[in-house]
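A.B. asks: no sequence on this one, just coordinates:
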């Protein structure tokens, strides 16, 4: 299972600092949506130039103009981009077309999708590299939230998937046991006093 670091910051400078600390221990460096909105495509380029050996994940959360948005992100250095699972099939197919042209990949983010397993099967058939079983920060703050729901949906999907929604050292073993291809950790790394140590601990917890 691969480890993805979701960098939820608003500045390229912070992202570069965090990435430098975590890079020895993670496989995928994710530029969070607020970072891309704040700093633009230049942030993608900066991270890719600093870490050419890492997979750079641009969390665009595209909802329309799939081919166009994916194309400009790939041209800027992204290896993977996200399209929302609630987007139309034509939007997802457009992003996949751009990915094929660049030799890159599309991840479909299932945040807010009611029937995640069913939609996962549909979008993988459209050419998505994998899907993200995702609960956002707002959902995680709601009473009764549990990561178990995402893990169950991942198991039921029968498709390659990642899990994002409060992954920690305590839960990453369960994420791996669910069959996830990628575990996505954000706050568990960047909120720690020592980013490198936190990333290393997550890596060590992957069996």
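C.D. replies: Looks like it came in fine. These numbers come from a predicted model, not from an experiment.
A.B. asks: quick check: longest strand of the chain.
C.D. replies: The residue-count maximum for a strand in the chain (DSSP state E) belongs to strand 55-62.
A.B. asks: residues in contact with the very next helix or strand once past it?
C.D. replies: Downstream of strand 55-62, the next assigned helix or strand under DSSP states H and E is helix 66-76. Residues outside helix 66-76 that contact it (Cβ atoms under 8 Å, 6 or more residues apart in numbering): 41-42, 44-45, 48, 58, 60, 62, 81, 83, 87, 90-99, 101-102, 104, 106. Heads up, the C-betas are built off the backbone N, CA and C, glycines and all.
A.B. asks: In ChimeraX, how would I pick out whichever of the residues you listed are buried, leaving the exposed ones unselected?
C.D. replies: Only the buried entries of those go into this ChimeraX selection, using 16 or more other Cβ atoms under 10 Å:
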select :41,44,45,48,58,60,62,81,83,87,91,92,93,94,95,96,98,99,104,106
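A.B. asks: Restricted to strands, list the contacts of helix 66-76.
C.D. replies: Per DSSP E, the contacts of helix 66-76 map to strands at 58, 60, 62, 81, 83, 106.
A.B. asks: Output those as CSV; include the columns pLDDT and distance to residue 177.
C.D. replies: Output for these, formatted as CSV (pLDDT from 0 to 100; distance: Cβ to Cβ, whole Å):
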residue, pLDDT, distance to residue 177
58, 98, 29
60, 98, 30
62, 98, 31
81, 99, 28
83, 98, 28
106, 99, 26
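A.B. asks: Tell me the one of the residues you listed nearest residue 138?
C.D. replies: Looking at the ones in strands among the contacts of helix 66-76 and their distance to residue 138, the nearest is residue 60, at 18.7 Å (Cβ to Cβ).
A.B. asks: tell me the contacts of that closest one?
C.D. replies: Residues near residue 60 by Cβ under 8 Å, 6+ apart: 33, 36, 69, 70, 73, 81, 82, 83.
A.B. asks: Helix or strand for the second one, just tell me which one.
C.D. replies: Per DSSP H and E, residue 36 falls inside helix 33-39.
A.B. asks: Could you dump the ones in strands among the contacts of helix 66-76 into CSV with distance to residue 20 added?
C.D. replies: Below are the ones in strands among the contacts of helix 66-76 laid out as CSV (distance: Cβ to Cβ, whole Å):
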residue, distance to residue 20
58, 19
60, 23
62, 28
81, 23
83, 29
106, 27
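A.B. asks: the helices in this protein, which residues?
C.D. replies: Assigned by DSSP state H, the chain shows helices spanning 12-22, 33-39, 41-50, 66-76, 89-102, 116-125, 137-140, 148-157, 172-177, 187-190, 195-205.
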